[in-house]
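**Q** structural data only, the sequence is not supplied:
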Ligand SMILES: [Zn+2]
């Protein structure tokens, strides 16, 4: 490898960011993404690392991620510029052995500061690694218009959002049979929203942030981007049906959802089915 940008992990990261930009989810410096590198990927890139920066405290503690490396977007950087100039807009952050501080070892040449949501990313990685037995690697935050619009008009709960998405499109319950989490409006960019979101991520791979956007977690870029895309599409369908002004004559019933679970061998979250 004559250039770190030839690393497949970096190429996949850049392609995913470009896809998000093309879908219109990343106005200005909106959104952020991180990828937990495998040990082999880290070893392959290590020749390009500069490990001379001081450690910066994270404000949160993720002992199960100590020493791991993350590809991450930079604070104030624009997704639209990542493909053209990766080294300026993304970087690799290494955690200290305790998992409570980081340093930039490659990239982010202007400022060497990761996204302001890096504490949220690290807490989400920490939880998802624990609940997926180490499989989860990507955390992706975006601002899809129709999902944000829905947070003004649907009741503010994980149950209501999960049911609305499941009923909008048959595929949704297959992609996220556990449902989606929900975080009411909060100040973003700090430890408080990181802890609230991570609590939701114990049960859900996708979490809605009211009047803000979504966080998705997954094992690879395709699965994570696909989850975001499916939720965004379901939100568009819900809004189109509402905007038609026509009464809903039929939908996907709870028994239909249970039948999909049986057919696909999935455990649909029973707490979100039936009356409360
Ligand atoms: Zn955001």
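**A** Yep, that arrived. Just so you know, these numbers come straight off a predicted model, no measurement behind them.

**Q** so how far is stretch 157-170 from its chain's centroid?
**A** Relative to the centre of its chain, stretch 157-170 is centred 18 Å away, using CA atoms, centre = their mean, to the nearest Å.

**Q** quick check: mean pLDDT of that stretch?
**A** For stretch 157-170, mean pLDDT is 98.

**Q** flag every buried residue along that stretch.
**A** Going by neighbour count (16 or more other CB atoms under 10 Å), the buried part of stretch 157-170 is 158, 159, 161, 162, 163, 164, 165, 166, 167, 168, 169. (Glycine included, C-beta is placed from N, CA and C.)

**Q** now go through the residues you listed and say which are in helices.
**A** Residues of the buried residues of stretch 157-170 located in helices (DSSP state H): 158, 159, 161, 162, 163, 164, 165, 166, 167, 168.

**Q** how about these in JSON lines, adding distance to residue 45?
**A** Shown next, in JSON lines, are these (distance: CB to CB, whole Å):
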{"residue": "158", "distance to residue 45": "38"}
{"residue": "159", "distance to residue 45": "42"}
{"residue": "161", "distance to residue 45": "38"}
{"residue": "162", "distance to residue 45": "38"}
{"residue": "163", "distance to residue 45": "43"}
{"residue": "164", "distance to residue 45": "42"}
{"residue": "165", "distance to residue 45": "37"}
{"residue": "166", "distance to residue 45": "40"}
{"residue": "167", "distance to residue 45": "44"}
{"residue": "168", "distance to residue 45": "41"}
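
**Q** now the helices for this structure?
**A** Shown for the chain, the helices assigned by DSSP H span residues 8-22, 39-45, 86-89, 118-131, 145-150, 158-168, 171-175, 191-201, 221-244, 254-264.

**Q** neighbouring contacts of the shortest one?
**A** With contact meaning CB atoms under 8 Å, 6 or more residues apart in numbering, helix 86-89 is reached by 5, 10, 14, 73-74, 77-78, 81-82, 106-110.

**Q** okay, the residues you listed in CSV with neighbour count and pLDDT next?
**A** Converted to CSV, these look like this (neighbours: other CB atoms under 10 Å; pLDDT from 0 to 100):
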residue, neighbour count, pLDDT
5, 13, 95
10, 23, 98
14, 18, 98
73, 28, 98
74, 26, 97
77, 23, 96
78, 17, 96
81, 15, 97
82, 24, 97
106, 22, 98
107, 24, 98
108, 23, 97
109, 14, 95
110, 13, 85
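
**Q** which pair in those residues spans the largest distance?
**A** Greatest spatial distance in those: 78 and 106, 19.5 Å, computed using CB to CB.

**Q** quick revisit: what is the nearest of the contacts of helix 86-89 to residue 251?
**A** Taking CB to CB as the measure, residue 251 lies nearest residue 73 of these, at 37.8 Å.

**Q** where's the closest one relative to residue 33, distance?
**A** 5 Å (CB to CB, to the nearest Å).

**Q** repeat for residue 275
**A** 38 Å.

**Q** which residues do residue 73 and residue 33 both contact?
**A** Both residue 73 and residue 33 are contacted by residue 17, under the criterion CB under 8 Å, 6+ apart.

**Q** so residue 128 is in contact with residue 217, correct?
**A** Yes - Residue 128 is in contact with residue 217 according to CB atoms under 8 Å; the separation is 4.5 Å.

**Q** between the two, which contacts overlap?
**A** Common neighbours of residue 128 and residue 217 (CB under 8 Å, 6+ apart) are 136, 139, 201, 205.

**Q** perfect, I'm done here.
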